[in-house]
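Participant: Show me the folded form of this:
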Amino acid sequence: MSYLWSVFTKPWATLPGDELGRVIAGIGFGGAEVPVRDTAYVTPANAAAELPKFAAQLRAEGIEPISVASDLSEPVFAACAEAGVPMIRIMAELGPDGYAASVRRNRELLERAAVLTERYDVQVGVQPHHGRYVSSTLGVLQLLDGLPARFRLVWDAAHDALAGDHPAVTLELGAERLGIVNLKNVHYIRADGGWKTTFVEGEDGLSDWPAVFATLRQLEYSGPVCLTAQYSEAAVPVETRLERDLRFAVTSAAQHPSRQ
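Facilitator: Numbers count the residues shown, from 1 in each chain. Okay, the predicted model is just below:
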C-alpha cells in the first residue's frame with residue numbers, strides 16, 4: 001500500500017511554513033499535521049490570516065498539510081477550509097465529574113460541531129489518549145457512534161497499546177471511521193514507587209508496528225500515516241529519532257511481519 005508519510009510538527013511549532021517545510025522534507029516526510037495553538041506560529045486567533053499562507057508555504061516545499069491539532073471553534077474550521085486542510089484533530093478530555101458525564105459533554109461538543117463540519121467540509125478527527133482523556137479506540141468509537149461520516153477516528157499506536165489493545169482488533173473495528181494512523185511507541189518505567197509512561201523509538205515499545213501495517217494492508221488503508229515525534233528522552237535530537245522511526249515504519253509497511 002502507498003501511504004502519505006506525515007509528521008506532527010509540534011517540535012518545530014514556532015517555525016514559519018517555508019522553514020518548517022524544508023526541515024521535515026529533509027527528514028523524508030511528505031505530509032504534516034500542524035499545531036494551531038496559542039503556543040504555535042499559527043494560533044486560533046490568527047488562523048484566518050496565517051493558516052492559508054502557512055499551508056501554501058508547506059506545499060511549495062512538497063509537504064501536504066493533512067490536519068491541524070486545534071479546537072473546534074468556527075474560525076479554525078473556516079481557516080482550514082480556506083487553506084485546504086481536511087481535518088481538525090482533537091482529544092476527548094475527561095473532567096472531575098467522572099467518565100460518563102465527561103463523555104456526554106464531549107458528545108454534545110461534537111454534535112454542536114456537526115453543522116460546522118458540513119458548512120466548511122472539514123472533518124473532525126478524535127484521538128484516544130492515555131490518562132485524563134477517553135483512552136481507548138473503542139471508547140472513541142462509542143463516542144462517535146451515530147455522528148456523520150466527517151467525524152473520524154485518529155488511531156494511535158502508543159495509546160492503543162497503553163489501553164491493552166491490539167491493532168488487529170481495534171483497526172478493524174474502526175476501519176469505517178479511520179482517518180489518520182498515528183505512529184509512536186511507549187513503555188512503562190518504574191518511578192517514585194510506581195510506574196510512568198516513557199515514549200521511545202518505534203522498535204522499542206509496547207506497540208507492534210509491523211502488526212499495525214499487516215492489519216492496514218488487510219484493510220486496504222491508503223490514508224495518512226503520521227509519526228507524532230514524541231520522545232521522552234531529549235538527549236538524542238528529535239530529527240535523528242524520526243529518521244530512524246521513518247525507516248522502521250517504511251520497512252514495516254513493506255514487509256509487514258508481526259513480531260512474535
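Participant: So what does the spatially most central residue of the chain have for phi and psi?
Facilitator: Using Cα atoms, centre = their mean, the residue of the chain that lies closest to the mean C-alpha position is Asn182, 4.8 Å off. When quoted as degrees, to the nearest 10, the phi and psi of Asn182 stand at phi -90, psi 140.
Participant: can you pull the pLDDT of the nearest residue to it once chain neighbours are set aside?
Facilitator: Distances taken as Cβ to Cβ, 6 or more residues apart in numbering place Asp156 nearest to Asn182, at 4.1 Å, with adjacent residues excluded. The C-beta positions use only the backbone N, C-alpha and C, and glycine is treated the same way. On the pLDDT scale, Asp156 is placed at 98.
Participant: Run a quick neighbour tally on Asp156.
Facilitator: If you count neighbours by other Cβ atoms under 10 Å, Asp156 ends up with 27.
Participant: Wait, the residue nearest to the centre of the chain touches Asp160, no?
Facilitator: No - counting by Cβ atoms under 8 Å, Asp160 is not a contact partner of Asn182; they are 9.2 Å apart.
Participant: how about Pro96, secondary structure?
Facilitator: Following DSSP: H, G, I helix; E, B strand; the rest coil, we place Pro96 in the coil state.
Participant: Give me the distance between it and Ala149.
Facilitator: 33 Å (Cβ to Cβ, to the nearest Å).
Participant: pLDDT weak spots in the stretch 1-150 of the chain?
Facilitator: In the predicted model, the stretch 1-150 of the chain carries pLDDT under 70 at residues 1.
Participant: switch to 90 and redo it
Facilitator: 1-2 (pLDDT under 90).
Participant: State the distance spanning the first to the last residue of stretch 32-45.
Facilitator: By Cα to Cα, to the nearest Å, the extent of stretch 32-45 from end to end equals 21 Å.
Participant: which helices and strands sit right next to the strand or helix carrying Ala161?
Facilitator: If you go by DSSP states H and E, Ala161 is part of helix 157-162. Packing partners of helix 157-162 (3 or more Cβ pairs under 8 Å, 6 or more residues apart in numbering; DSSP states H and E): helix 167-173, strand 178-183, strand 185-191.
Participant: Give the rounded mean pLDDT of the first one.
Facilitator: Mean pLDDT, computed over helix 167-173, is 98.
Participant: buried stuff in it?
Facilitator: Buried residues in helix 167-173, counted by 16 or more other Cβ atoms under 10 Å: 167, 170-171.
Participant: Next, the angle strand 178-183 makes with the strand or helix carrying Ala32.
Facilitator: Here Ala32 is covered by strand 31-35, with elements defined by DSSP H and E. Counting by axes from the mean of the first three to the mean of the last three Cα atoms, to 10 degrees, strand 31-35 lies at 90 degrees to strand 178-183.
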